[in-house]
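J.: can't give you the sequence, but here's the structure:
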């Protein structure tokens, strides 16, 4: 090899790695963080040391679509600053992470709920975490945000906070709450909370507060199912000519919407709309009251999936996720949002993470990411293949590739010059 004769022996291994990397660059596409292909499913790097652990919570920073958080059934919290290309462990809760949520109104503030271990809070976008006070020992299952108020649904009612760190019980202490939503973000905040049916009741009860959680009024919604799994309302501007924000309620039997402060509900599932299954995930596209996503793990039926509507639920289209069982969903605040999705395969207990830049096109993919490299320290030897994979995953790879091309030009010029002198 010409390059082998022009460089010193200690540099030959690096040179070989650069040539191999250049060959891969020319022969196969490499998806870089922040440059996802449009409307194409792309596999993300697996979370480190989390084989067999499901991901039930994802969140993306509303101010930076590359900052992503993931919480696992083992209680581990991970953070990525490059759109899921690499992950760093940032905390361990000791029990399952049930929910993750960034505040849409306070930059950098993010909350994590756990199963029986209270809550965690971060004020730096999830880089560092501290235990929240007032909810110790509680199962914290959902968060909601008003302009000056944070809301948490727990196994012992609803808790409120002014800063996300110190929490106090607001009522419903004898009720197990699985879902909360904020319908009016300005004081006094209008809140809705719900959980599972009690005893032999055929339906669950919702609770509404019109005074920022000081008092609560129970009511029975006209929806099917025995548990309110997910509730969400948009945090952006109110719909035109309407004084209320729409409310989505996902149950173990379907998805429902209300446009009149939960007085009445319209089914969005059943018939020719969405399948009548459990809906564990729902998210609005930022600043749009009529554009949202709904997702389901299928409840073991194999009928799960991910759907989008652009007309407030009058019609839906499937985004055809690679695996239909969706266990977590996070949607960025972009006009053409990036979706971060966790899936789980019941057959082999494999949890996977995916990204999807939704530009409205026909869903494609998936584009598979390379397997994580084997550690040279564990194998006792480093291989050229490992070097190449590590090089490709580094953010410097595009610049190295350009350097290789420049090196090739210089080497070619040098060889031509030597040959010219010989003649």
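T.: Structure's in. What do you need? Because the structure is a prediction, the values reported are computed rather than measured.
J.: Quick check, pLDDT for the residue nearest to residue 361 when sequence neighbours are not counted.
T.: Nearest residue to residue 361 in three dimensions, chain neighbours excluded: residue 39, at 3.6 Å (CB to CB, 6 or more residues apart in numbering). In short, each C-beta sits where N, CA and C put it, glycine included. Residue 39 carries a pLDDT value of 97.
J.: Please report the distance of residue 39 from residue 79.
T.: To residue 79, residue 39 is 26 Å away according to CB to CB, to the nearest Å.
J.: now residue 302
T.: 32 Å.
J.: So between the two, which is more surrounded?
T.: residue 79 (23 against 11; other CB atoms under 10 Å).
J.: SS state for the more buried one?
T.: strand (DSSP: H, G, I helix; E, B strand; the rest coil).
J.: Also the one 5 residues further on?
T.: Secondary structure assignment for residue 84 (three-state DSSP): coil.
J.: what stretches of the protein score poorly on pLDDT?
T.: Judged by pLDDT under 70, the chain has its weakly predicted residues at 1-34, 368-423.
J.: the helices in it, which residues?
T.: 2-6, 12-27, 376-379, 384-393, 397-422 (DSSP state H).
J.: what sits against residue 238?
T.: 244, 245, 289 (CB atoms under 8 Å, 6 or more residues apart in numbering).
J.: Let me see the contact set for the residue nearest to residue 280 when sequence neighbours are not counted.
T.: With CB to CB, 6+ apart as the criterion, residue 280 has its nearest non-adjacent residue at 5.2 Å, and that residue is residue 229. Residues in contact with residue 229, defined by CB under 8 Å, 6+ apart, are 178, 179, 250, 251, 252, 278, 279, 280.
J.: most neighbours, which of those residues?
T.: That'd be residue 279 among the contacts of residue 229, by other CB under 10 Å, with 30 neighbours.
J.: Verify the stated contact: it with residue 230.
T.: Yes - under the criterion of CB atoms under 8 Å, residue 279 makes contact with residue 230 at 6.1 Å.
J.: And the strands in the stretch 251-400 of the chain?
T.: 255-258, 266-267, 281-284, 292-296, 305-309, 317-318, 326-331, 338-345, 350-357, 364-367 (DSSP state E, counting those that start in this stretch).
J.: How about the contacts made by the nearest residue to residue 147 once chain neighbours are set aside?
T.: Distance criterion CB to CB, 6+ apart; nearest residue to residue 147, sequence neighbours excluded, is residue 185 at 5.1 Å. Residue 185 makes contact with 105, 145, 146, 147, 235 under the criterion CB under 8 Å, 6+ apart.
J.: Contact partners for the closest residue to residue 71 other than its chain neighbours?
T.: Spatial nearest neighbour of residue 71, excluding adjacent residues (CB to CB, 6+ apart): residue 97 at 2.6 Å. For residue 97, the contact set (CB under 8 Å, 6+ apart) comprises 56, 57, 71, 72, 73, 75, 76, 77, 112, 113, 114.
J.: State the number of residues packed around the closest residue to residue 205 other than its chain neighbours.
T.: The shortest distance from residue 205 to any non-neighbouring residue, by CB to CB, 6+ apart, is to residue 218 (5.0 Å). Neighbour count of residue 218, defined by other CB under 10 Å: 12.
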